[in-house]
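Enquirer: Compute the structure for the input listed below.
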Amino acid sequence: MTQTPEKRTPRRGRVFPSHNIPPEELARRQAELEAFGKRSRAIFERVRPEVIDGHYNWFIVIEPNSGDYFIDVAMEDATQKACQKHPHSKLCAFRLNETGACGQI
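Expert: The predicted structure follows:
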């Protein structure tokens, strides 16, 4: 006669349980990200009234540590310009409109 195979229960849990990020590190990363966003938004709000009339709905890429910004019709071109001048910096992109949003939700 045939035997019925044992019912195996799936194992649950992380693939690499030793690679957990402590909550303090997650909180630190979140705080850095929020500070980066605030610095970028402040530069965007300062620059927007000057350039919005001539470049409505163009993209602006900002490097918040230096205050440099790069404007172009295509986001890829603006990002490329920014990366040429600041190759190892974090960049933030906005759209030159009333909200600064780059896409739709």
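Enquirer: I'd like the average pLDDT over stretch 78-90.
Expert: Averaged across stretch 78-90, the pLDDT comes to 94.
Enquirer: Ok, stretch 32-44 next?
Expert: Stretch 32-44 comes out with an average pLDDT of 95.
Enquirer: Give me the most central residue, this structure.
Expert: For the chain, Cys92 is the residue whose C-alpha lies nearest the centre (Cα atoms, centre = their mean; 6.6 Å).
Enquirer: got a list of what that residue touches?
Expert: Neighbouring residues of Cys92 by Cβ atoms under 8 Å, 6 or more residues apart in numbering: 36-37, 40, 44, 61-62, 64. No exception for glycine: its C-beta is placed from N, CA and C like everyone else's.
Enquirer: Put the alpha carbons of stretch 2-9 into CSV.
Expert: Listed next in CSV are the C-alpha coordinates belonging to stretch 2-9 (Å, rounded to 0.1, in the frame of the first residue of the first chain):
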residue,chain,number,x,y,z
THR,A,2,1.0,3.6,-0.4
GLN,A,3,1.8,5.8,2.5
THR,A,4,0.5,9.3,2.7
PRO,A,5,3.3,11.8,2.9
GLU,A,6,3.8,13.8,6.1
LYS,A,7,2.2,17.2,6.0
ARG,A,8,5.1,19.7,6.2
THR,A,9,4.5,23.0,7.9
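Enquirer: How confident was the prediction at Ala93?
Expert: The model reports Ala93 with a pLDDT of 93.
Enquirer: Nearest residue to it in space, please, no chain neighbours.
Expert: Val61 (5.0 Å; Cβ to Cβ, 6 or more residues apart in numbering).
Enquirer: before we move on, what about Gly67?
Expert: Ile43 (5.8 Å).
Enquirer: May I ask which helix or strand encompasses that neighbour?
Expert: Assessed by DSSP states H and E, Ile43 sits inside helix 23-51.
Enquirer: Let's verify the residue nearest to Ala93: helix, strand, or coil?
Expert: Under DSSP: H, G, I helix; E, B strand; the rest coil, Val61 falls in the strand class.
Enquirer: how much space between it and Pro5?
Expert: Distance, Val61 to Pro5, by Cβ to Cβ, to the nearest Å: 58 Å.
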